[in-house]
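Asker: no letters, just coordinates:
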Ligand code: SF4
Ligand code: SF4
Ligand code: SF4
């Protein structure tokens, strides 16, 4: 009993000390077209989330691996409710590599606090929490105040420059991973990481696959030029690569369901018939979080009438 009390006391003491040291520095976040200072409560709340995130991931993974949850109506309803009430926890916007690169370059160009890191990379938090590994695994690119928090938490992160971040994005793209710009509180000022997600381990993607929540479509989608498509027997690469089930085979022909496409661009990369191209999504719903102007800068994209 006394030991338990002492453990709790040590825990609270550590928490207070950490919280106090976290409050000393100024921190900046992504603010559409500029860096913005963030409040200390914002910083400490996110630090606490980062500290206890592995527990949340392990619990969610446990639910996602139980057949009585994923294969029953009641279980899926429970997951849907849990995902809905997690509205202010991390959600992601799916973008192709060029948009993620644009964001990195944009962040790099912003003037920040002296000595405060803008970018850092570390081991995938999902893989680390679940102790299930798949290469590349050093792929969580934390940004601005997110970089400060994850460096402070001593989880194996290191500061990187923009060129290193771009090289990691390209390596992840070539491995078939999807870039997800993650933010909390449904706000761009809480954007803290560029994740590179797989379909087997990533808790965010697996939750989305069952509930349709936690991940949002980005500003792009794709169209298919049927005359150029080589068909499922000769190619079928788009069906294999898409982790959101937007491509399927019907009578040996490829069917693209644009309602399911989140705009990751992976099918365009692997298409052997040059039958896919990206185009502007009619309704990008997260302009208030990360604006199109940043994500599509310099990209030649057909939108029906003109290029973006
Ligand atoms: S959301 Fe994806 S990239 Fe981010 S920590 Fe989880 S698996 Fe890794
Ligand atoms: S259809 Fe293509 S761009 Fe859309 S989500 Fe699937 S792989 Fe990504
Ligand atoms: S990847 Fe391209 S060519 Fe291959 S099946 Fe899909 S659309 Fe057709």
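Answerer: Nice, I can see it. Bear in mind the structure is a predicted one, so any value in this text is a computation, not a measurement. Ligands and ions are numbered 1, 2, ... in the order given.
Asker: now do the strands in the stretch 51-200 of the chain.
Answerer: 91-95, 119-123, 138-143, 158-159, 178-183, 191-197 (DSSP state E, counting those that start in this stretch).
Asker: pick out the residue in the stretch 1-150 of the chain sitting closest to ligand 2.
Answerer: Across the stretch 1-150 of the chain, the shortest distance to ligand 2 (Cβ to the nearest ligand atom) belongs to residue 94, at 6.9 Å. Every residue, glycine included, has its C-beta placed from N, CA and C.
Asker: and the closest residue in space to that residue that isn't next to it in sequence, helix, strand or coil?
Answerer: Excluding its sequence neighbours, the residue lying closest to residue 94 (Cβ to Cβ, 6 or more residues apart in numbering) is residue 262, at 3.9 Å. Classification of residue 262 using DSSP: H, G, I helix; E, B strand; the rest coil returns coil.
Asker: where does the stretch 1-150 of the chain have low pLDDT?
Answerer: Scanning the stretch 1-150 of the chain for pLDDT under 70 picks out the ranges 1-26, 112-114.
Asker: show me the helices in it, by range?
Answerer: Using DSSP state H, counting those that start in this stretch, the helices found in the stretch 1-150 of the chain span residues 2-22, 40-64, 67-70, 73-85, 97-109, 125-130, 145-152.
Asker: contacts for the shortest one, please.
Answerer: Meaning helix 67-70. 63-64, 75-76, 78-79, 210 (Cβ atoms under 8 Å, 6 or more residues apart in numbering).
Asker: from these, list just the buried residues.
Answerer: Neighbour counting by 16 or more other Cβ atoms under 10 Å classes 63, 75, 79, 210 among these as buried.
Asker: residues of the stretch 201-308 of the chain that sit close to ligand 3?
Answerer: Selection of the stretch 201-308 of the chain residues close to ligand 3 by Cβ under 6 Å from any ligand atom yields 224, 229-230, 235-238, 254, 267, 270-273, 275-276.
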